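Asker: Provided below are the primary sequence and the corresponding predicted coordinates.
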Amino acid sequence: MVKVTVLSDNKVIALRPQGLKAEWGFSALIECSEPILFDAGQTGIAFENLQLLNKPIPKKIVLSHGHYDHTGGLLPFLRDVKLYAHPDAFLPRIYKGEYIGIPFRRERIEDKAEVIEHREPIEVSKNVWALGEIPRQFETALLKDSYIIRDGKLEEDKILDDQSLAVKTDKGVLLILGCCHSGLRNTVRWAEEVTGDEVKFIVGGTHLIAYSPEKIREIISKLDFEFIAPCHCTGLKAEFLLMEMLGDRFKMVGSGSVIEV
């Protein structure tokens with residue numbers, strides 16, 4: 001059995017334990033052969049919720065991409081860990097004139113973590129893959145007026161570091177998304193190619209907030225899954241639309257929610 005606990009999200013829906021917090025950000029703990037942290041939220045809330053839920057401190061961390069709302073809460077988790085990320089995740093980023101990259105220097109991370117850069121898929125634990133750079137055939141969810149600084153030069157940010165986590169189970173692939181800037185259809189397709197199995201369960205930020213209701217219906221109609229538990233950058237309007245479309249195949253989650261496969 002694989003267990004996913006949402007440590008940081010825009011909302012809290014769990015009644016217990018009392019004191020769970022929310023923020024604009026995403027973080028999840030994946031418990032399988034070993035605990036793995038996927039993203040760390042925006043502030044220290046993910047770590048606070050981890051302690052409140054009495055969860056193990058992971059020794060492996062995967063970053064979905066280098067935006068502040070997925071990396072700002074990293075420091076409390078950096079206790080002799082391995083951290084997996086695309087090399088672009090550490091570059092400075094600007095969105096509408098404001099800095100939105102990792103909010104501290106890479107050296108602070110490397111002080112307490114072994115950083116493993118990768119562009120290709122990598123098996124971070126048994127049957128768990130960080131998907132690396134995702135090929136893009138279908139729609140993507142990029143940000144307008146967004147730039148990355150590479151070699152001292154400003155360039156359009158295509159968020160090439162966007163990756164997701166795929167866990168192969170005996171029931172199919174569990175796909176955990178950070179923001180899914182690479183696009184939901186592209187990410188599902190790549191996860192299936194990497195794992196050699198079908199994606200049946202989806203949890204996390206889908207960035208469907210970027211699309212019209214008609215486009216969302218089109219995207220979802222092309223996918224075949226047992227359930228989706230969208231949060232963070234999905235947007236409440238898109239979540240309510242998915243709830244209406246999918247019925248029992250939709251799961252609402254927030255900080256403290258647990259998904260078992």
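Answerer: Sure thing, it's come through. Numbers count the residues shown, from 1 in each chain.

Asker: in the stretch 1-150 of the chain, which spans are strands?
Answerer: Assigned by DSSP state E, counting those that start in this stretch, the strands in the stretch 1-150 of the chain fall at 3-8, 27-31, 35-38, 60-62, 81-85, 93-95, 98-99, 113-117, 122-125, 128-130, 146-150.

Asker: parallel or antiparallel, list what pairs with the fifth one.
Answerer: On the basis of DSSP bridges, the sheet neighbours of strand 81-85 come out as strand 60-62 (parallel), strand 113-117 (parallel).

Asker: looking at those strands, which is buried most?
Answerer: strand 60-62 (a mean of 25; mean count of other CB atoms under 10 Å). Heads up, the C-betas are built off the backbone N, CA and C, glycines and all.

Asker: residues touching the nearest residue to Thr140 once chain neighbours are set aside, list them.
Answerer: Spatial nearest neighbour of Thr140, excluding adjacent residues (CB to CB, 6 or more residues apart in numbering): Gly183 at 4.4 Å. Neighbouring residues of Gly183 by CB atoms under 8 Å, 6 or more residues apart in numbering: Ile134, Arg136, Phe138, Glu139, Thr140, Ala141.

Asker: do that again at 7 Å, thanks
Answerer: Neighbour list for Gly183: Arg136, Phe138, Glu139, Thr140, Ala141 [criterion: CB atoms under 7 Å, 6 or more residues apart in numbering].

Asker: what count of nearby residues applies to the closest residue to the second one other than its chain neighbours?
Answerer: By that I understand Phe138. Closest residue to Phe138 apart from its sequence neighbours, by CB to CB, 6+ apart: Arg185 at 4.1 Å. Using other CB atoms under 10 Å, Arg185 is surrounded by 19 other residues.

Asker: how far away is Arg185 from Lys215?
Answerer: Distance, Arg185 to Lys215, by CB to CB, to the nearest Å: 11 Å.

Asker: what touches both of those two?
Answerer: With CB under 7 Å, 6+ apart, Arg185 and Lys215 have no common neighbours.

Asker: do a quick rundown of the helices in this structure.
Answerer: 45-52, 68-71, 106-110, 184-195, 213-221, 236-246 (DSSP state H).

Asker: return the most buried member of these.
Answerer: Mean neighbour counts for these (mean count of other CB under 10 Å) peak at helix 68-71, with a mean of 26.

Asker: pLDDT averaged over that one - what is it?
Answerer: Regarding helix 68-71, the rounded mean pLDDT is 98.

Asker: thinking again about what came up before, filter the contacts of Gly183 to the buried ones?
Answerer: Taking 16 or more other CB atoms under 10 Å as the criterion, what is buried in the contacts of Gly183 is Arg136, Glu139, Thr140, Ala141.

Asker: can you list those in CSV and add distance to Leu15 and pLDDT?
Answerer: Formatted as CSV, those follow (distance: CB to CB, whole Å; pLDDT from 0 to 100):
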residue, distance to Leu15, pLDDT
Arg136, 40, 98
Glu139, 37, 97
Thr140, 37, 98
Ala141, 32, 96
